[in-house]
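J.: Predicted structure and sequence below. I'll ask about it afterward.
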Protein chains: 2
Amino acid sequence: MQPDFDDVLAAAARIAPYAYRTPVVRSRSLDDLAGCELFFKCENLQRAGAFKFRGACNAVLALDAESAARGVLTQSSGNHGAALALASRLRGIAATVVVPEGAPAVKVAAMSDFGADIVRCAPTMAARNAAITALLRETTMTLIHPFDDALVIAGQGTTALELLQDVPTLDAVCAPIGGGGLLSGCALTVRSLRPQAEIWGAEPAGAADAHASLQAGVCITDYVPETICDGLRATTTPRTLTMVQRYASGILLVDDEATIAAMRLLWERLKLVVEPSGAISFASVLRHRDRFAGRRVGIVLSGGNVDLDRLPWAQR
Amino acid sequence: MQPDFDDVLAAAARIAPYAYRTPVVRSRSLDDLAGCELFFKCENLQRAGAFKFRGACNAVLALDAESAARGVLTQSSGNHGAALALASRLRGIAATVVVPEGAPAVKVAAMSDFGADIVRCAPTMAARNAAITALLRETTMTLIHPFDDALVIAGQGTTALELLQDVPTLDAVCAPIGGGGLLSGCALTVRSLRPQAEIWGAEPAGAADAHASLQAGVCITDYVPETICDGLRATTTPRTLTMVQRYASGILLVDDEATIAAMRLLWERLKLVVEPSGAISFASVLRHRDRFAGRRVGIVLSGGNVDLDRLPWAQR
């Protein structure tokens, strides 16, 4: 099932008491640098530090009481796990997160801090799926997928909803794409609220499965990602790919070097801590200047959960 | 001449078209950690990245046309110089900044970017003063002191004015103290608007001249500062010390280790880039928990200009 725009509006109403309405910030110096008017939607300031709280909160709140009481389950190397843990704590239910080895320590710590049970597994999709399958067989928990879930996608779409409410005259919106939940929800919303605006996905050149899938017309899932954007390593599903095909303007590829430079600029000029996956949409606008020249562009800064001991420019 | 509260109100009206009204942000997790209710006034998001723009802008705008046309002059190792450069550019006049060797590169770059002429000098107060004296003799520029100036102090006081307008029921406010411009202006404002509230200065233990001066009753100016808080190395003047004596509740000393830990917490939890001098007031609340337990405390995050290649926790 794909969500429609009414589902986005329902999600907005459902999560309003819990999620932050994050600010939209501007910068004269970054406008000059990019040659267009930029409107940064600060999901790094969202609860649990990323837009993921919107979708997780919507899915958890939509559970009937009986299902909720049995707890929820997901797999995540990062922000979705922390978001689901927080949403579950707010509803007073249990959450279990299957976490692959090598997940960023700061994100796993957040899951634990919010009270989730952590189940470790090897860092492969096969190991993740095996762990999830086993837990679903042994328990009665409800699986809340990080992105292949209509309620999660509708929740992520509220990001673009707020952005367009605050800046109704945007010409384009850029959002990162990993598994495609955020881009699907935002593309649906942009197409519904402001059909004449473009909505672009920004994808790491080293994890370009969505770009390749769009060209092939089928989901390419055997891609081995190699990127600093730890939040964008997942591959699309038929549900998210179909929505991206239908609603998005396309996908812009960005190499990690450009993403790191853009991230640093955001820290310097906006004084905001943004993670690599959160900076890539800004990088895509700098990399594709001609496409956006002189226009009004919304940029989703999707998250801010960074290991401060391992900043990318310090490791080069 | 000392400013009075009417001067703060006049400054607020004068700078309103140019300065940002910075947000006040909150954090559940930091409230829990500190054991009180924290209200962070985000002057790191101010133009040119620090509260200094308030005072510099007020002083530049208050100049009569003839004086303004002759340009302005100051000495600064950092944020005041950049703030004065920006304020001057906005008024369309020239600015010259005497900068000691060793000033943070990121701050000197900001001065240049805003169009100031930079004059280098040796990193001693004697060399700074000699350079200023020579320039005042040779030119007709107006000196705008970083803090020993009634218009600058009144401008800095607008920080507390906005904070109390947004959160009228504060029990206490904490602001950093270097030369004392910010604390003087904020203490005057707190005492005028909400006399029952406390107003504390936070000072590096390695640059504790203001604390010593309060005890001695005279300005101690031969102090050799040793602190990571590059914005807080100046010493008070009779004007600022008198205002601190009259209006402030006292000065809390904080060692650099506590400041660095507080800075890192702000980056992690608020997702805000705050410089060491901007984090010390939060550190002072964590260091003096009993004093603030259960109360509503305003914290001035005074600036966010950090060299991202030299983060303090990476150098330890």
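T.: Yep, that arrived. What you are looking at is a predicted structure, and each value in this text was computed from that prediction instead of being measured. Numbers count the residues shown, from 1 in each chain, chains lettered A, B, ... in the order given.

J.: Residue A:163: how many residues sit nearby?
T.: 26 (other C-beta atoms under 10 Å in any protein chain shown). Where C-beta positions appear, they are placed from N, C-alpha and C, glycine not excepted.

J.: Report pLDDT for it.
T.: At residue A:163, the model reports a pLDDT of 98.

J.: Mind giving me the packing neighbours of whichever strand or helix holds residue A:265?
T.: Assigned by DSSP states H and E, residue A:265 belongs to helix A:256-265. On a contact count with 3 or more C-beta pairs under 8 Å, 6 or more residues apart in numbering or on different chains; DSSP states H and E, helix A:256-265 meets helix A:276-287.

J.: Skip ahead from the helix it packs on and say which helix or strand is next.
T.: Downstream of helix A:276-287, the next assigned helix or strand under DSSP H and E is helix A:289-292.

J.: Can you give me the buried ones in that following helix?
T.: Within helix A:289-292, the residues scored as buried using 16 or more other C-beta atoms under 10 Å in any protein chain shown are A:291-292.

J.: Return the helix holding residue A:265 as PDB; C-alpha atoms alone will do.
T.: Extracted C-alpha coordinates of helix A:256-265, given in PDB (Å, rounded to 0.1, in the frame of the first residue of the first chain):
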ATOM      1  CA  ASP A 256      31.500  12.200  -0.700                       C
ATOM      2  CA  GLU A 257      34.100  14.900  -1.000                       C
ATOM      3  CA  ALA A 258      31.400  17.400  -2.100                       C
ATOM      4  CA  THR A 259      29.200  16.200   0.800                       C
ATOM      5  CA  ILE A 260      31.900  16.700   3.300                       C
ATOM      6  CA  ALA A 261      32.700  20.200   2.000                       C
ATOM      7  CA  ALA A 262      29.000  21.100   2.200                       C
ATOM      8  CA  MET A 263      28.700  19.700   5.700                       C
ATOM      9  CA  ARG A 264      31.600  21.800   6.800                       C
ATOM     10  CA  LEU A 265      30.000  24.900   5.300                       C
END
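
J.: ok, residues contacting that helix?
T.: Here helix A:256-265 makes contact (C-beta atoms under 8 Å, 6 or more residues apart in numbering or on different chains) with A:30, A:33, A:204-206, A:227-229, A:274-276, A:278-280, A:282-283, A:286-287, A:312-313, A:316, B:308.

J.: The residue of chain A most remote from its centre and residue A:66, how far apart?
T.: Centroid-distance maximum for chain A: residue A:138 at 29.7 Å, with C-alpha atoms, centre = their mean. Separation of residue A:138 from residue A:66 (C-beta to C-beta, to the nearest Å) stands at 19 Å.

J.: Counting neighbours, what do you get for the closest residue to residue A:15 other than its chain neighbours?
T.: Distances taken as C-beta to C-beta, 6 or more residues apart in numbering or on different chains place residue A:57 nearest to residue A:15, at 4.6 Å, with adjacent residues excluded. By other C-beta under 10 Å, 31 other residues sit near residue A:57.

J.: any idea which element residue A:57 lies in?
T.: helix A:52-62.

J.: Off-centre distance for that helix?
T.: Centroid separation for helix A:52-62 versus its chain: 13 Å, with C-alpha atoms, centre = their mean, to the nearest Å.

J.: The helix or strand following it - contacts with which helices or strands?
T.: Using DSSP H and E, the helix or strand that follows helix A:52-62 in sequence is helix A:65-69. For helix A:65-69, not one helix or strand is in contact under the criterion 3+ C-beta pairs under 8 Å, 6+ apart.

J.: next SSE after helix A:65-69?
T.: strand A:72-75.

J.: got the contact list for whichever helix or strand comes after that next one?
T.: Following strand A:72-75 in sequence order, the next helix or strand is helix A:79-91 (DSSP H and E). Helix A:79-91 is contacted from outside by A:18, A:47-50, A:52-53, A:55-57, A:59-61, A:63, A:68, A:71-72, A:74-76, A:94-95, A:97, A:99, A:107-108, A:110-112, A:114-116, A:144, A:146-147, A:231, A:303, A:305, using C-beta under 8 Å, 6+ apart.

J.: near chain B, which residues of chain A?
T.: Residues of chain A lying close to chain B by C-beta under 8 Å from any C-beta of the partner chain are A:23, A:44-45, A:49, A:106, A:264, A:267-268, A:271-274, A:304, A:308-309, A:311, A:313-314.

J.: Show the low-confidence segments of chain A, by residue range.
T.: A:315-316 (pLDDT under 70).

J.: what about the longest helix in it?
T.: Using DSSP state H, we find that the single longest helix of chain A is helix A:150-166.

J.: Packing partners of it?
T.: So helix A:150-166, by 3+ C-beta pairs under 8 Å, 6+ apart, packs with helix A:5-15, strand A:37-42, helix A:52-62, strand A:172-176, helix A:181-193, helix A:238-247, strand A:296-301.

J.: tell me the angle of the fourth one relative to strand A:296-301?
T.: I take that to be strand A:172-176. 20 degrees (axes from the mean of the first three to the mean of the last three C-alpha atoms, to 10 degrees).

J.: Strand A:172-176 pairs with which strands, parallel or anti?
T.: strand A:198-204 (parallel), strand A:296-301 (parallel) (DSSP bridges).

J.: neighbours around the residue in the stretch 1-150 of chain A that chain B sits nearest to, how many?
T.: As assessed by C-beta to the nearest C-beta, chain B sits closest to residue A:44 within the stretch 1-150 of chain A, at 4.7 Å. Look at residue A:44: counted by other C-beta under 10 Å, it has 28 neighbours.

J.: ok, now the one 5 residues further on?
T.: By other C-beta under 10 Å, 29 other residues sit near residue A:49.

J.: mind checking how far the closest residue to it other than its chain neighbours is from residue B:204?
T.: Leaving aside its sequence neighbours, residue A:49 sits nearest to residue A:305 (C-beta to C-beta, 6+ apart; 4.4 Å). Note on residue A:305: its distance to residue B:204, by C-beta to C-beta, is 30 Å.

J.: Show me which of these two is the more surrounded one.
T.: Neighbour comparison, residue A:305 and residue B:204: the larger count goes to residue B:204, with 30 against 26 (by other C-beta under 10 Å).

J.: I figured the more buried one hits residue B:225, correct?
T.: Yes. With contact defined as C-beta atoms under 8 Å, residue B:204 reaches residue B:225; the gap is 7.3 Å.

J.: which residues do these two both contact?
T.: residue B:232.

J.: now for stretch A:174-184, what's the gap between its first and last residues?
T.: 12 Å (C-alpha to C-alpha, to the nearest Å).

J.: So what's the gap between it and the chain middle?
T.: The answer for stretch A:174-184 is 6 Å, by C-alpha atoms, centre = their mean.

J.: same deal with stretch A:140-156?
T.: In terms of C-alpha atoms, centre = their mean, the gap separating the centre of stretch A:140-156 from the centre of its chain is 13 Å.

J.: Which positions within it qualify as buried?
T.: A:141-142, A:144-156.

J.: Check stretch A:100-118 too.
T.: So for stretch A:100-118, counting by 16+ other C-beta under 10 Å, buried means A:100, A:103-104, A:106-108, A:110-111, A:114, A:116, A:118.

J.: The residue nearest in space to the middle of chain A: what's it in contact with?
T.: Nearest to the geometric centre of chain A sits residue A:182, at 4.8 Å (C-alpha atoms, centre = their mean). Residues in contact with residue A:182, defined by C-beta under 8 Å, 6+ apart, are A:51, A:147, A:156, A:159, A:175-176, A:300, A:302.

J.: at 7 Å what do you get?
T.: A:51, A:156, A:159, A:175-176, A:302 (C-beta atoms under 7 Å, 6 or more residues apart in numbering or on different chains).

J.: what's the answer for residue A:245, then?
T.: residue A:214.

J.: circling back to that earlier point, report the contact partners of the residue nearest to residue A:15.
T.: A:15, A:18-19, A:87, A:155.

J.: now do 8 Å
T.: Per C-beta under 8 Å, 6+ apart, neighbours of residue A:57: A:14-15, A:18-19, A:83, A:86-87, A:90, A:155.
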